[in-house]
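# Pasted the sequence and its predicted model underneath.
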Amino acid sequence: QVQLVESGGGLVQAGGSLRLSCAASGGTLRRYGMGWFRQAVGKAREFVAAITWSGGRTYSADSVKGRFTISRDNAKSTLYLQMNSLKPEDTAVYYCGGRYTVGDLSREAGYEYWGQGTQVTVSS
């Protein structure tokens, strides 16, 4: 059973940067598509960014394009999200997910594994 653990969240001022990590244990993420989603208070979980198992393709939500970069290190079974130029509206709990089956990585449905989330708070 693969377990995902996010880290790297925290409090940052607007315009600052954070790097989130998602480490897998109990198995490898090598063949899994991976994604980052976030959920702000009172809102539904939304797609942030995703990456194919090989790392050859990445996808980002329009709201984070040009500011957030997703990457992965399969040798370390770790997923990353580099977040730059953070805005107060980026405040949310960030979750990483993994899916083995082929499908739309921007959709929650189909993800088989989820982490517990890490809080990101951006102050104005």
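Structure's in. What do you need? The model shown is predicted, which means the values in this text are computed figures rather than measured ones.
# Tell me where the protein has strands.
Using DSSP state E, the strands found in the chain span residues 3-7, 10-13, 18-25, 33-39, 46-51, 58-60, 68-73, 78-83, 92-99, 113-114, 118-123.
# how about the ones you listed in CSV, adding mean pLDDT and mean neighbour count?
Any C-beta I mention is one placed from the backbone N, CA and C, and that applies to glycine too. Listed next are those as CSV, based on pLDDT from 0 to 100; neighbours: other CB atoms under 10 Å:
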stretch, mean pLDDT, mean neighbour count
strand 3-7, 96, 17
strand 10-13, 98, 13
strand 18-25, 95, 19
strand 33-39, 97, 24
strand 46-51, 97, 22
strand 58-60, 97, 17
strand 68-73, 96, 18
strand 78-83, 97, 23
strand 92-99, 96, 23
strand 113-114, 95, 18
strand 118-123, 98, 17
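# Ok, which of those comes nearest residue 105?
For residue 105, the closest of the strands of the chain is strand 46-51, at 3.6 Å, according to CB to CB.
# So which elements touch the closest one?
Contact here means 3 or more CB pairs under 8 Å, 6 or more residues apart in numbering; DSSP states H and E; on that basis strand 46-51 packs against strand 33-39, strand 58-60, strand 68-73, strand 78-83.
# The longest one pairs with which strands, and in what direction?
The one in question is strand 33-39. Strand 33-39 pairs in its sheet with strand 46-51 (antiparallel), strand 92-99 (antiparallel), by DSSP bridges.
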